[in-house]
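J.: Turn this into a structure:
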Amino acid sequence: MHLIELLKQLDTNIFLSINGLHTSFFDGFMYAVSAKLTWIPLYVSVLYVLIKQWKKEAIWLVLTLVLCIVISDQVASGILKHLVKRLRPSHVDDLRGLVHLVRDYSGGMYGFASSHASNTVGFALLSSLILKQRNYTFAIFSWAIITSYSRIYLGVHYPGDILGGALIGSLAALLCYWVLRRYRSAQLVRNNERTTAEFDKTISVWVLGIIFFGISAYSIFIF
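T.: A predicted model of the protein is given here:
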């Protein structure tokens, strides 16, 4: 068996192991985590922190974050999915009956690379490089990991899809941060020296905690 086939088989085995570990609570939890609209309050809170600390210069930070998401999303979904054409596990005939789907959600036809992984990892890395706040860095990467994991749990991505997406997001974030530092370095460093209230520094962490609490309540009482 060729190396590529061995890697595919390993990818499938890991996927089935993760996807097979499901409960009614985590069905609702992961379904909500995977929904993009769930995280709008998080993005708003990060926007608030950027504007609070960098004032007018925040426009460059926001544009850089948007550019990072556009690059990571287009490379993962706009280019690679149609170039590689790797079927999602939810669409593979040989896996029918083995894949656990939540509410019959199966996603689009192709899965490599995961745009959820590329977008969340890209946003997490770039925003943590900008904010340079330990608690935020830990919280935002936890969010990115859980969101990426939810895609395997829901049966719409292999682990390899997630790793590919995470790599794309990381490279997009590093590229955008390099551009930001190269052309706006003086202004950003000067404004970053301003002291802000501790609550302002960690508001996004609190928002993340509240969202996860809400998701847990939704999984228990509503889903």
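J.: low-confidence ranges in the chain?
T.: Regions of the chain meeting the criterion pLDDT under 70 cover residues 1, 186-201.
J.: From the centroid of it, which residue is nearest?
T.: The centroid of the chain falls nearest to residue 120 when counting by C-alpha atoms, centre = their mean (2.1 Å).
J.: Report the buried residues of the lengthiest helix in the chain.
T.: Of all the segments assigned as helix in the chain under DSSP state H, the longest by residue count is helix 159-192. Buried residues in helix 159-192, counting neighbours by 16 or more other C-beta atoms under 10 Å, are found at 159-173, 175-177, 180, 184, 188, 191. C-beta coordinates here come from the backbone N, C-alpha and C atoms, glycine included.
J.: Nearest spatial neighbour of the residue nearest to the centre of the chain, chain-adjacent residues omitted?
T.: Setting aside the residues directly before and after it, residue 120 is nearest to residue 144 in space (C-beta to C-beta, 6 or more residues apart in numbering), at 4.1 Å.
J.: Next, count neighbours for the one you found.
T.: Neighbouring residues of residue 144 were enumerated by other C-beta atoms under 10 Å; the total is 22.
J.: isn't there a helix covering it?
T.: Yes - when DSSP: H, G, I helix; E, B strand; the rest coil is applied, residue 144 is found to be in a helix.
J.: ok, it to residue 93 distance?
T.: With distances taken as C-beta to C-beta, to the nearest Å, residue 144 is found 32 Å from residue 93.
J.: do the same with residue 30
T.: In terms of C-beta to C-beta, residue 30 sits 24 Å off from residue 93.
J.: More neighbours: those two, which one.
T.: Taking residue 30 and residue 93 together and counting by other C-beta under 10 Å, residue 30 has the greater number of neighbours (22 against 6).
J.: Helix or strand next in line after the one helix or strand the more buried one maps to, which one?
T.: Residue 30 belongs to helix 24-34 when assigned by DSSP states H and E. Past helix 24-34, heading to the C-terminal end, the next element that is a helix or strand (DSSP H and E) is helix 40-54.
J.: tell me the angle of that following helix relative to helix 159-192?
T.: Taking axes from the mean of the first three to the mean of the last three C-alpha atoms, to 10 degrees, one finds helix 40-54 and helix 159-192 inclined to each other by 30 degrees.
J.: ok, and for helix 40-54, which residues are buried?
T.: Applying 16+ other C-beta under 10 Å to helix 40-54 flags 42, 45, 46, 49, 50, 53, 54 as buried.
J.: quick one: the fourth one and residue 205 touch, right?
T.: No - the criterion here is C-beta atoms under 8 Å, and residue 49 misses it with residue 205 at 10.3 Å.
J.: For residue 113, which three-state class applies?
T.: With three-state DSSP as the basis, the three-state label of residue 113 is coil.
J.: that older thread, the residue nearest to the centre of the chain and residue 146 touch, don't they?
T.: No - with contacts counted by C-beta under 8 Å, residue 120 stays clear of residue 146, the gap being 9.1 Å.
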